[in-house]
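1. sharing a model that was predicted from the sequence below.
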Amino acid sequence: MIDTSAPKPVDTLSFEDALAELETIVKKLEAGQGRLDQAVSDYDRGAQLRRRCERLLAEAEQKVQAIVDGAAGPTLRDAG
C-alpha cells in the first residue's frame, strides 16, 4: 500500500528520518522521474531536509565537544 499522506514537517524529523527521505529524493531526481513541477517541489523539500540534517549534526557536535571539554578540559584542538 502506498502512503499518500502529506509529508511530516521537516523540523519534526529525526536525523535518520530526514537523511533517509533526502536520499530517496536525490535518487528520484537523479533518475529524472516525474514532472518538472514535482522535481522543483522535491528539490525544495530536499534543500529543507539537508538544512535539517546539517543543523542536527551541528547540535550533536556541540554536545560531544561539551562532553570532551567537560571531561578532560581543553584539548590540543582548542589551542590553535
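-> Okay, I see it.
2. when you work out contacts or count neighbours from here on, use the C-alpha atoms and nothing else.
-> Fine.
3. just for the chain, where's the confidence low?
-> 1-4, 71-80 (pLDDT under 70).
4. quick one, longest helix in it?
-> helix 36-72 (DSSP state H).
5. which secondary structure elements does it contact?
-> Judged by 3 or more Cα pairs under 8 Å, 6 or more residues apart in numbering; DSSP states H and E, the packing partners of helix 36-72 are helix 15-31.
6. please point out which parts of the helix it packs on sit buried.
-> 15, 18, 19, 21, 22, 25, 29 (16 or more other Cα atoms under 10 Å).
7. what is the burial count for the closest residue to the last one other than its chain neighbours?
-> Spelled out, that is residue 29. In space, residue 29 comes closest to residue 39 once its chain neighbours are excluded; the distance is 6.6 Å by Cα to Cα, 6 or more residues apart in numbering. Using other Cα atoms under 10 Å, residue 39 is surrounded by 16 other residues.
8. find the centremost residue of the chain, please.
-> Closest to where the C-alpha atoms of the chain average out (Cα atoms, centre = their mean) is residue 53, at 2.2 Å.
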